[in-house]
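Novice: Quick one, structure for this:
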Amino acid sequence: MVELDSQVKAGGGTVVRMDKRTICSCCQQSRPPGYMLTRVGKVGRFCAHCVGERWVKSLPPEAESWSPEHVCRLLTGDASERVMGISAVLGYSERPALYGRYSAQTLPLGKSISVRETLLACVAYPGQTWLDSMVRFLAITGMLDVIREPITEALIIDTSVLSPAPMIKAAATMIGSTRLELDKKIRWLYDFRDHPDSGVLGTVIAALQTLGPSGFEEVEEALDLQPLIDQIMAGHKAGDLRNIINAAKRLAGIEITAGTTKADMALALARTLGTAAGMREFYDKLSPEFQQVVNFMAWQTVPVPPEKIEAKTGVSVVDVEQGLYTPTVRLKSSFSGLLNFESDYYQRIVRISLQHWLRLRLKPALPVPEKARLQGTTEQPNFPGARILQADPAFVSRFPSLDAMCQQGVIARKKNGTPTVAGLRALQEAGWELDEFYPNVRKLAHRRLEILVCLGDAGAATATAPRAKPAEVLCNWLDLLTKPPAHPLHSGFLPPQFMPQLKNVYHAMWSDAAAVCLESLEAVMAAVPKGQWVTLEDLHDFILYNSLPLPVPPCCHDAYLSVQGKWGLERQHLGGNQNTHWEKPLVRTFFMVLAAIGVVDAVIVPPEETSKIDPPEDYLPTTEALKAVRLTAVGEWYFQGGPETCLEEQAMGEVVLDERRLFIRLTGSNPVLEVALKQVAQPIGGGFYRIDGGSFLKDCTSEAHVQRKVDTLKSLLPDALPAVWEDFFENLLLRVNPLTPAPFTVLEVGESPEFRQLLRTEPALRALTIMAEGGRILVKAGDRNKLKKRLRDLGYFIDCF
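Specialist: Residues are numbered from 1 along each chain as shown. Prediction:
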């Protein structure tokens, strides 16, 4: 455009900032808010792109090959040199790519970090002349359009109080033109409030004022309240905010007039409810029925039906109108703003919840519910049809033998690794006859023993040597259940493995959500009164009223339950049923596993009605069957630092090795060694065991299995082994695979004397064959075709191999 060319040459026009989209008088395109050049004597503005193109045309031809170092020297010179350097950046930082629509190739000027930083400093170039303003105008254009906004934003955010003053001024000038969130812009500028340079402070304050705040004092309040303001603005309409204010009988300092906007009400509410005193004042000014609803709803982590609210508080929060086919349910207008109303299609399911931001801030102002503290009873809870599952004091002393069986692979397994029913029965016959949870339910007759085997398997995966002490095994199992794994990629969240009703559960990898769940469960265990019975309902209430989170871990994000519905099985995912399908079953499963170990005594009442969860037998352990628990001495020792008298170690039997023969004598009890000896030796009576290669290798499946059995047995025997035992272990590995297959084909030679003579004398045939006994020859697999070809050449026909 001739007008723009002549205006730029004459140095006419003024750089101004436009606060709304403006059409350029040159290219006729709508440009976003930003800096533009006014027309001389006419209405209109020129955009930075068009002005920049005119400056690029004025560059000398050699500018296209300027190096980044040369451009940096220009960008640190006087105003005219800086304009030339910026124009070179605008024109020669990139070029159209050879292929790809709208794609571009970045050139050295666009890649240079020093060019970017020097160009950013030009944004704050001082001076009042027209050329000085052009330096700033073109530098802003280069940072936004050539260097690109993401890179520019990163340069700005990286600028700190320790950066040079020109760089800070430039970044402060630029930040208003970026697409960063408003709170990030304000927070960044607020960080320079104590800068010693008055020029920097002036630039920062000017940038703040363009964003709204008048100074640092207003910013300080805005930064504290902005998150709450954003929540209020996003979650409410203007009418909802008016209802909240009216519900509290007009809070002090909040007046609603004809000109009061939604933003005004949100700011006033944030200022009032942003403090504990203000929230308490808000609660005190609510009507009694509002307070009853709030007292109940503030502790509900998930939406609840309106019928439950009315049953708990005596206050109805909805209006029901009978329609032609179905009733219409609406939230009462007086509760609008305070409560959320959710419903599905045709309002078959209606759920009510308290506004999330309001619930979080109201809870500290509310009286602490009585159920927020666990209060047990010394007397056993009276539940009809209940049975007590109590831990035998000597129960823990048997753990090392089961742990050894899991480590040594003694228990029969299915293809998926779980123990078979026959394997569990074999354990019972070996002395592991337990008081089971549900002895009369066929599919759950071995459930407790199965839980212990699962813990033993998890412990075996991390074991480096047999664990002979009961306390060592117990700590290992409980650590696996309640502590993070040693490595984050290990399976560290065991409770989902004991919840077979959950379908589509991925491998239970460790996650932050799993850590939060275990922290909450550990807090529950720390609060259980010693020696007293606590019902499961009291435990659920304790978790609820103490805001102990139980988030769904990633391994269960897609999990669901198969529930028997009207038309068959229906999938119910955890997302919309977190409380009933995840939180409560998780707590009950956790305590069921603790009861299996003997950490708690349990009151069990099998439900009379069959569960609708498919299959019902798998869901039984996590339903209402578990009614109450009580910490045992073992539980007090592990979770609450009780005395270790419950873990008194038994004297281990003495092991004597014969110095001339492979005989072992065991006097006394040594459960772990007994398990190992049953796998490798033959008992001959009187505590004596005889061992040889046949007994040791009888059930081995691989060389690694043999090595594992050798390592296990040696770790349980005395350190100083007799010579005959050292020789046995050394020679035992030589018994593994003494024969190895060779890559030969065995061929039987015919009766022809001529052919036999040929095999013995012909050089090529002798090189391809090896003579063997019984009129046979050996041929390598790779030489068979060569042999056939040579025999054809000698006049023989071969098609038998």
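Novice: worst-scoring helix or strand of the chain, pLDDT-wise?
Specialist: The weakest-scoring helix or strand in the chain, judged by mean pLDDT, DSSP states H and E, is helix 616-619 (a mean of 58).
Novice: continuing past it, what's the next helix or strand?
Specialist: Following helix 616-619 in sequence order, the next helix or strand is strand 626-631 (DSSP states H and E).
Novice: Next, the buried residues of that next one.
Specialist: Within strand 626-631, the residues scored as buried using 16 or more other C-beta atoms under 10 Å are L626, K627, A628, V629, R630, L631. The C-beta positions use only the backbone N, C-alpha and C, and glycine is treated the same way.
Novice: the helices in the stretch 401-550 of the chain, which residues?
Specialist: Assigned helices in the stretch 401-550 of the chain, in chain order: 421-429, 447-460, 470-482, 512-527, 536-545 (criterion: DSSP state H, counting those that start in this stretch).
Novice: And the helices in the stretch 651-800 of the chain?
Specialist: 671-680, 693-697, 703-716, 723-732, 753-761, 763-768, 784-793.
Novice: Quickly compare the ones you listed and say which is most buried.
Specialist: Here the criterion is mean neighbour count by mean count of other C-beta atoms under 10 Å, and of these the winner is helix 671-680, at a mean of 21.
Novice: Using CSV, list the CA coordinates for that helix.
Specialist: Below are the C-alpha coordinates for helix 671-680, written out as CSV (Å, rounded to 0.1, in the frame of the first residue of the first chain):
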residue,chain,number,x,y,z
PRO,A,671,9.1,-75.6,60.4
VAL,A,672,11.0,-73.9,57.6
LEU,A,673,13.7,-76.6,57.4
GLU,A,674,11.0,-79.3,57.6
VAL,A,675,9.3,-77.9,54.6
ALA,A,676,12.6,-77.8,52.7
LEU,A,677,13.6,-81.4,53.7
LYS,A,678,10.2,-82.8,52.6
GLN,A,679,11.1,-81.6,49.0
VAL,A,680,14.7,-82.9,48.8
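Novice: and it, what other elements does it pack with?
Specialist: Where contact means 3 or more C-beta pairs under 8 Å, 6 or more residues apart in numbering; DSSP states H and E, helix 671-680 is packed against helix 399-407, strand 663-667, helix 703-716.
Novice: can you tell which of the ones you listed is closest to L366?
Specialist: Of all the helices and strands packed on helix 671-680, it is helix 399-407 that lies closest to L366, at 45.6 Å by C-beta to C-beta.
Novice: contact partners of the closest one?
Specialist: Applying C-beta atoms under 8 Å, 6 or more residues apart in numbering, the set of residues contacting helix 399-407 from outside is 411, 427, 432, 452-453, 456-457, 459-460, 463, 466-470, 472-474, 476-477, 671-672, 674-676, 712.
Novice: Also compute the angle for it relative to helix 703-716, please.
Specialist: Calculated by axes from the mean of the first three to the mean of the last three C-alpha atoms, to 10 degrees, helix 399-407 forms an angle of 160 degrees with helix 703-716.
Novice: how big is the angle separating helix 399-407 from helix 671-680?
Specialist: Interaxial angle of helix 399-407 relative to helix 671-680 (the same axes, to 10 degrees): 30 degrees.
Novice: Report the buried residues of stretch 525-535.
Specialist: By neighbour count with 16+ other C-beta under 10 Å, stretch 525-535 contains the buried residues M525, A527, V528, P529, W533, V534, T535.
Novice: Ok, stretch 273-286 next?
Specialist: Judged by neighbour count (16+ other C-beta under 10 Å), stretch 273-286 contains these buried residues: L273, G274, G278, M279, E281, F282, Y283, L286.
Novice: and the two most separated of those residues?
Specialist: Among those, the pair separated by the greatest distance (C-beta to C-beta) is G274 and L286, at 17.8 Å.
Novice: In this protein, where's the longest helix?
Specialist: Criterion DSSP state H: the longest helix present in the chain is helix 216-235.
Novice: export the next helix or strand after that one as CSV, just CAs?
Specialist: With elements assigned by DSSP H and E, the helix or strand that comes after helix 216-235 is helix 238-247. Only the C-alpha atoms of helix 238-247 are listed here, as CSV (Å, rounded to 0.1, in the frame of the first residue of the first chain):
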residue,chain,number,x,y,z
ALA,A,238,-26.3,-14.7,39.0
GLY,A,239,-29.6,-15.9,40.5
ASP,A,240,-27.8,-18.7,42.4
LEU,A,241,-25.4,-16.2,44.1
ARG,A,242,-28.3,-14.0,45.0
ASN,A,243,-30.0,-17.0,46.7
ILE,A,244,-26.9,-17.8,48.7
ILE,A,245,-26.7,-14.2,49.9
ASN,A,246,-30.4,-14.1,50.8
ALA,A,247,-30.2,-17.5,52.5
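Novice: Just the CA coordinates for the very next helix or strand once past helix 238-247, please, in PDB.
Specialist: For helix 238-247, the succeeding helix or strand toward the C-terminus, using DSSP H and E, is helix 262-273. Provided in PDB are the C-alpha atoms of helix 262-273 (Å, rounded to 0.1, in the frame of the first residue of the first chain):
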ATOM      1  CA  LYS A 262     -22.500 -11.500  39.000                       C
ATOM      2  CA  ALA A 263     -18.800 -10.600  39.300                       C
ATOM      3  CA  ASP A 264     -19.600  -8.100  42.100                       C
ATOM      4  CA  MET A 265     -21.500 -10.800  44.100                       C
ATOM      5  CA  ALA A 266     -18.700 -13.400  43.500                       C
ATOM      6  CA  LEU A 267     -16.100 -11.000  44.800                       C
ATOM      7  CA  ALA A 268     -18.200 -10.000  47.800                       C
ATOM      8  CA  LEU A 269     -18.900 -13.700  48.600                       C
ATOM      9  CA  ALA A 270     -15.200 -14.600  48.200                       C
ATOM     10  CA  ARG A 271     -14.200 -11.700  50.600                       C
ATOM     11  CA  THR A 272     -16.700 -12.900  53.200                       C
ATOM     12  CA  LEU A 273     -16.400 -16.600  52.900                       C
END
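Novice: Which of the residues in helix 262-273 are classified as buried?
Specialist: Using 16+ other C-beta under 10 Å as the test for burial, helix 262-273 gives K262, D264, M265, A266, L267, A268, L269, A270, R271, T272, L273.
Novice: what's that helix packed up against?
Specialist: Packing partners of helix 262-273 (3+ C-beta pairs under 8 Å, 6+ apart): helix 216-235, helix 238-247, helix 276-284.
Novice: ok, now with 10 Å
Specialist: helix 216-235, helix 238-247, helix 276-284, helix 356-362 (3 or more C-beta pairs under 10 Å, 6 or more residues apart in numbering; DSSP states H and E).
Novice: now these as JSON lines including mean pLDDT and distance to A404?
Specialist: Shown next, in JSON lines, are the helices and strands packed on helix 262-273 (pLDDT from 0 to 100; distance: least, C-beta to C-beta, whole Å):
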{"stretch": "helix 216-235", "mean pLDDT": "79", "distance to A404": "56"}
{"stretch": "helix 238-247", "mean pLDDT": "82", "distance to A404": "65"}
{"stretch": "helix 276-284", "mean pLDDT": "85", "distance to A404": "57"}
{"stretch": "helix 356-362", "mean pLDDT": "85", "distance to A404": "50"}
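Novice: how about those, which one is nearest T378?
Specialist: helix 356-362 (36.1 Å).
Novice: on that earlier part again, and which of the buried residues of stretch 525-535 is nearest to K788?
Specialist: Using C-beta to C-beta, M525 comes nearest to K788 of the buried residues of stretch 525-535, at 77.0 Å.
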